[in-house]
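Asks: sequence plus the predicted model coming up.
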Amino acid sequence: MVPRLLLVLPVLLLALASQAILRAPPPKLCGSASGPPVTSPRIKLRDGRYLAYREDGVQRDKARHKIITVHAFDSTKDIPSPVSKELVEELGIYLLAFDRAGYGESDPNPGRNVKSEALDIEELADQLELGQKFHVLGVSMGGYSVWGCLQYIPHRQKQLAGAALVVPVINYWWPSFPAELSRRAFKKMIVPEQRTLWIAHNAPYLLYLWMTQKWLPSSAAAMHHPEIFSKHDMEVIQKLMAMPRIIENKSRQQGVYESIHRDLLVAFGNWEFDPMNITNPFPTNEGAVHIWQGYEDRLVLVELQRYISKKLQWVQYHEVPEGGHMFMLVDGWTDKIIKTLLVGEEASPM
């Protein structure tokens, strides 16, 4: 009996140790005794979670156009959109930003997926009574939330006035991609990013261990590795660094797993739908969907975005010749993107 126990004990200890290594620590909820304070207005969702938001632009009840903006990877609602005050006042724009689940001051959602993100947007619009028409604008990782809106909220077609996806994240495992095209694009990424996305898709239970180990470089995006940025992106970064920093990035304050790790799991996991099979939400041209892509983007590759735009003929595709992943942050591109979304004017140069 004793020898058998001696054989089993190491196995049990190894199993317990593995569980401890693989399992992320619990998040530090905002407003809890061990968590950061709540400093933003929040709504309570149907499932009991709290969603933090921030309002900008003209007053909600006086707005001619309303836009819900969806932030990028490792960001929050508090990172300001560089839209000009002049355009906001000219077009009467109300801007509503929110922290996606697990980011900033919004409660984590352990069941977060593309659909839940879309439903969070729907409920936010309902509770703040945005009315008959509003637009959605998602940047980078926030793009999957916009795809979710187009897929899962069809009854919103009379209220969703239009959508813009700016350098939206692409899942290399979407079924409509030709295998060879997807494989070639995947191989263009730097090796640490390839490994990270492969684990997020094929072995999600290992992602926390992979992202926190110190022996090999993990996600280049999470570490802001300079190799993932184009020449134009580096110029953008230098311009941003020269500006006074007045806002602290609180994206990870509740923990990395329910913020950036969960984002990777959702974006590169198995989706319930293929965006390239979405039907046109505006068949009578009462609204429009735009994709904006930088040709030099090293995080979201242009050849895949072009393929998506060819599959979805109803999408208006805009390609910025020298733009990288961060092109919208400078040179008035945010104004051009928003003006095109709201009034249909073609931005230039293209």
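Replies: Structure received.
Asks: residue 269 and residue 202 touch, don't they?
Replies: No. Under the criterion of Cβ atoms under 8 Å, residue 269 is not in contact with residue 202, lying 9.7 Å apart. Where you see a C-beta, it was placed from the backbone N, CA and C, and this is true even at glycine.
Asks: the two: which is more packed in?
Replies: For the pair residue 269 and residue 202, the greater number of neighbours falls to residue 269 (16 against 11), based on other Cβ atoms under 10 Å.
Asks: next, the more buried one: phi, psi?
Replies: Phi and psi for residue 269, reported as degrees, to the nearest 10, are phi -80, psi -160.
Asks: try residue 30
Replies: Here residue 30 shows phi and psi, under degrees, to the nearest 10, equal to phi -60, psi 130.
Asks: show me where the stretch 251-350 of the chain has strands.
Replies: 288-294, 315-320 (DSSP state E, counting those that start in this stretch).
Asks: listing partners with orientation, what would you give for the shortest one?
Replies: The one in question is strand 315-320. strand 288-294 (parallel) (DSSP bridges).
Asks: so which of the strands of the stretch 251-350 of the chain is the most surrounded?
Replies: Comparing the strands of the stretch 251-350 of the chain by mean neighbour count (mean count of other Cβ atoms under 10 Å), strand 288-294 comes out on top with a mean of 23.
Asks: in the stretch 51-200 of the chain, which spans are strands?
Replies: 65-70, 93-98, 134-139, 160-166.
Asks: partners of the second one, with directions?
Replies: Spelled out, that is strand 93-98. strand 50-57 (antiparallel), strand 65-70 (parallel).
Asks: dump these into a markdown table; add mean neighbour count, mean pLDDT and distance to residue 273 as well.
Replies: Converted to a markdown table, those look like this (neighbours: other Cβ atoms under 10 Å; pLDDT from 0 to 100; distance: least, Cβ to Cβ, whole Å):
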| stretch | mean neighbour count | mean pLDDT | distance to residue 273 |
| --- | --- | --- | --- |
| strand 50-57 | 20 | 97 | 23 |
| strand 65-70 | 25 | 97 | 18 |
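Asks: the closest residue to residue 125 other than its chain neighbours: neighbouring residues, count only.
Replies: Leaving out its chain neighbours, the residue that sits closest to residue 125 by Cβ to Cβ, 6 or more residues apart in numbering is residue 134, at 6.0 Å. Other residues near residue 134 number 21, with proximity taken as other Cβ under 10 Å.
Asks: for residue 134, give me its contacts.
Replies: Applying Cβ atoms under 8 Å, 6 or more residues apart in numbering, we find residue 134 in contact with 66-68, 125, 159-161.
Asks: now for the residues you listed: which two are most distant?
Replies: Distance extremes for the contacts of residue 134: the farthest pair is 67 and 159 at 13.2 Å, using Cβ to Cβ.
Asks: burial count for residue 60?
Replies: 14.
Asks: check what pLDDT it gets.
Replies: Reading off the confidence values, residue 60 has pLDDT 94.
Asks: isn't it up against residue 95?
Replies: No. Judged on Cβ under 8 Å, residue 60 makes no contact with residue 95 at a distance of 10.0 Å.
Asks: same list (the strands of the stretch 51-200 of the chain) but as TSV, adding distance to residue 210.
Replies: Listed next are these as TSV, based on distance: least, Cβ to Cβ, whole Å:
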stretch	distance to residue 210
strand 65-70	26
strand 93-98	29
strand 134-139	26
strand 160-166	28
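Asks: so which of the ones you listed is nearest residue 227?
Replies: strand 134-139 (21.3 Å).
Asks: show me the contacts for residue 41.
Replies: 52-54.
Asks: tell me where the stretch 251-350 of the chain has helices.
Replies: 262-268, 302-311, 333-343 (DSSP state H, counting those that start in this stretch).
Asks: go through the last one and flag the buried ones.
Replies: I take that to be helix 333-343. 333-342 (16 or more other Cβ atoms under 10 Å).
Asks: now residue 84. Nearest residue, chain neighbours left out?
Replies: Closest to residue 84 by Cβ to Cβ, 6+ apart is residue 335, at 5.3 Å.
Asks: hmm, residue 83 and the one you found touching each other?
Replies: Yes. Counting by Cβ under 8 Å, residue 83 is a contact partner of residue 335 at 6.0 Å.
Asks: so residue 127 touches residue 43, yeah?
Replies: Yes. Residue 127 is within contact range of residue 43, at 4.7 Å (criterion: Cβ under 8 Å).
Asks: and these two? Which one has more around it.
Replies: Counting neighbours by other Cβ under 10 Å for residue 127 and for residue 43 shows that residue 43 has the greater number, 17 against 14.
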